[in-house]
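Undergrad: predicted structure and sequence below. I'll ask about it afterward.
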Amino acid sequence: MTAYAYTEQPFVRPPELDGGKTEAPVAIVGAGPIGLAMAIDLAQRGVASVLFDDNNVVSVGSRAICWAKRTLEIFDRLGVGERMLEKGVTWKVGRNFHGTEQVYAFDLLPEDGHKYPAFVNLQQYYVEDYLLDRAREFPDLIDIRFLSKVTDHEDRGEGVRVTVETPEGPYTLDADYMLACDGANSPTRTRMGLDFSGQTFEERFLICDIEMEESPFGDRDTPERWFWFDPPFHPGKSALLHKQPDNIYRIDLQLDTGADPEAEGTEDRVLPRIRAIVGDKPFRIDWLSVYRFRCMMLERFVHGRVIFAGDSAHVVSPFGARGGNGGIQDVDNLGWKLAAVVTGEAPRALIDSYDEERRHGAEENILNSARATGFMTPKSPIEALFRSETLRMAHDQPFARELINSGRLSRPCSLAGFPLQTDSASGQVRPGTAIIDAPVGDTWLISLVQGALTLVGFGGVRLPDVEGVRRIGIAQRTDDYPCFGDMEGYALGRYGMGKAYLFRPDGHVAAVFATPTAAGVAAARDRALGRKPVLTEAV
Amino acid sequence: MPERTIHASGFAGRGDDIYAALLKAHEGLTEAESHALNARLVLLMANRIGDADTVSDLLKTARSYAE
């Protein structure tokens, strides 16, 4: 049904079926966006992985489409960001309507000086395709096995034994760690009997992608996010409209509580709903699905040698685009830590910090997406009353506009206050914050900083030479390390003059120094690598 | 235009927290109980504001939306 031309990936007979062995420290279950990004992140650090997927094509249906600025910056580091930017539909303005009248518009990135925009809309199959192409650039480090279903695993303390079923027979493979990137219905999670709890929303939503030449956004040709409460074409319910590449548009429609998903998923039922929105303009349904949203997470993401990332660890409703984006932030957080542990650079405790930091991220995403979904689907007459009066007053009261919740869009998660960060009051940007981009020299700060522990000096601050820490100077001159200009003043404006920032390999600020000494930077480095006891009171 | 005052946001970025707290306060109540809670809340807020002119202005603004 979809316009996208899928390429079937071949099954390649693995050495295990002929008595051979594969030496790879990491086994990854699931070759979706999270599994593929994990494999690439590890490969870029020289760590080999075997990636298993029970299917042989990329994402069926466009599914996740809204990729946030922070995610694009992470994808930039993984080598696919620019391709996504080129193909994707860039947008930053959202409009909320009540009935036919616009009550509130927001600009998610009102300032210049960033490599990536607030959001790019791009179908998940393109993202997976680009990731797969990128992964193929590491033939010695990434072993992708399609039509290979992981049916069992055994955590043996020193590693994990994975059982795999293939068209040509079963085999087992031993790895140091197994990453469960096997999605919202994670078979790994089920096999381990782990509690996956939270909230299920009763209302069903129809998610539909349509292909059409003319824009359903009316006369505007600037892509935006449009959200309606109680629109004339879908009375009493909510609706969402997004543009994707290839003239594909995403429409989300709230259905009645107890709507029959089978019946609602038929074209007979869907076509009139879409016509009510787009009018007489010709269109074709590309993909559709009827969902009931869940906001749920695992109690822990790390279970011995088995680590969960992405939807297998946490699911959210789509309002706020916090599913795929949250998962990529998991990858960003886990990649460098797992690589450092596998190569012996850091103690295993570093992996526990992934559990702690990303559970915090997942909780934040769940809180925001649950509130947005709650606002759309009032549970009681009194909730409906609060909402209708909020919407009524929002037409002219700015305070009420702030309460309208059609989704709080994915923002980078702050890791402030967690043990890997060295607390400091000296900088404009607090430790734990994700890197804020700026144009420097003929490149971008994200390109210089992400990937490895990096100490950046802004303005006249000398950086000491510390083992394992890369140095970058901004708006300063020295022969000791590479320096870049800040012609437009964005970098100094964002970070402050005369400060040094230590960035973690995932671009989060680990420490800020007014006067960076070798000992001070080394201590912050050790702390960021989990070398110091992470929980001092537990020692 | 009915008589009303326009109010900028005073939520200091925590509007969602306050809205969630409001709904939570009503959880599990019958509709009648909810209306009673709202009445108590309005009285408490009026007392907290204290100034009769301010309260009167807010009431006028709230009333102005009733059709």
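TA: That came through, no problem.
Undergrad: buried residues, the top helix by length along chain B. List them.
TA: Secondary structure of chain B read by DSSP state H shows that its longest helix is helix B:31-49. Under the neighbour-count criterion of 16 or more other CB atoms under 10 Å in any protein chain shown, helix B:31-49 has B:Ser34, B:Asn38, B:Ala46 buried. For glycine as for every other residue, the C-beta is placed from the backbone atoms N, C-alpha and C.
Undergrad: do the same with stretch A:369-376
TA: A:Ser369, A:Ala370, A:Arg371, A:Ala372, A:Thr373, A:Gly374, A:Phe375, A:Met376.
Undergrad: how about stretch A:69-78 as CSV, C-alpha atoms only?
TA: C-alpha atoms of stretch A:69-78 as CSV (Å, rounded to 0.1, in the frame of the first residue of the first chain):
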residue,chain,number,x,y,z
LYS,A,69,16.8,19.1,17.0
ARG,A,70,18.7,17.1,19.7
THR,A,71,18.1,13.9,17.8
LEU,A,72,19.3,15.4,14.6
GLU,A,73,22.5,16.5,16.4
ILE,A,74,23.0,12.9,17.6
PHE,A,75,22.3,11.6,14.1
ASP,A,76,24.9,14.1,12.8
ARG,A,77,27.4,12.5,15.1
LEU,A,78,26.3,9.0,13.7
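Undergrad: where along the stretch 151-300 of chain A do the helices fall?
TA: Per DSSP state H, counting those that start in this stretch, the stretch 151-300 of chain A carries helices over the ranges A:187-192, A:261-264, A:267-278.
Undergrad: so A:Arg527 sits in a strand?
TA: No - A:Arg527 is assigned helix when assessed by DSSP: H, G, I helix; E, B strand; the rest coil, not a strand.
Undergrad: what about the residue nearest to it when sequence neighbours are not counted, neighbour count?
TA: Nearest residue to A:Arg527, sequence neighbours excluded (CB to CB, 6 or more residues apart in numbering or on different chains): A:Thr422, at 5.7 Å. If you count neighbours by other CB atoms under 10 Å in any protein chain shown, A:Thr422 ends up with 21.
Undergrad: could you do B:Ala21 as well?
TA: B:Ala21 has 10 nearby residues by other CB under 10 Å.
Undergrad: does it count as helix, strand or coil?
TA: Reduced to three states with three-state DSSP, the structure at B:Ala21 is helix.
Undergrad: could you list the low-pLDDT ranges of chain A?
TA: A:1, A:532-539 (pLDDT under 70).
Undergrad: break it down into its domains, please.
TA: As given by automatic domain parsing, the domain ranges for chain A are A:15-86+A:113-195+A:297-363, A:439-538.
Undergrad: the last one: how far from the chain's middle?
TA: A distance of 25 Å separates the C-alpha centroid of domain A:439-538 from that of its chain, computed with CA atoms, centre = their mean, to the nearest Å.
Undergrad: hang on, the earlier thing: show me what the longest helix of chain B is packed up against.
TA: With contacts defined as 3 or more CB pairs under 8 Å, 6 or more residues apart in numbering or on different chains; DSSP states H and E, helix B:31-49 has these neighbours: helix A:381-394, helix B:15-26, helix B:52-63.
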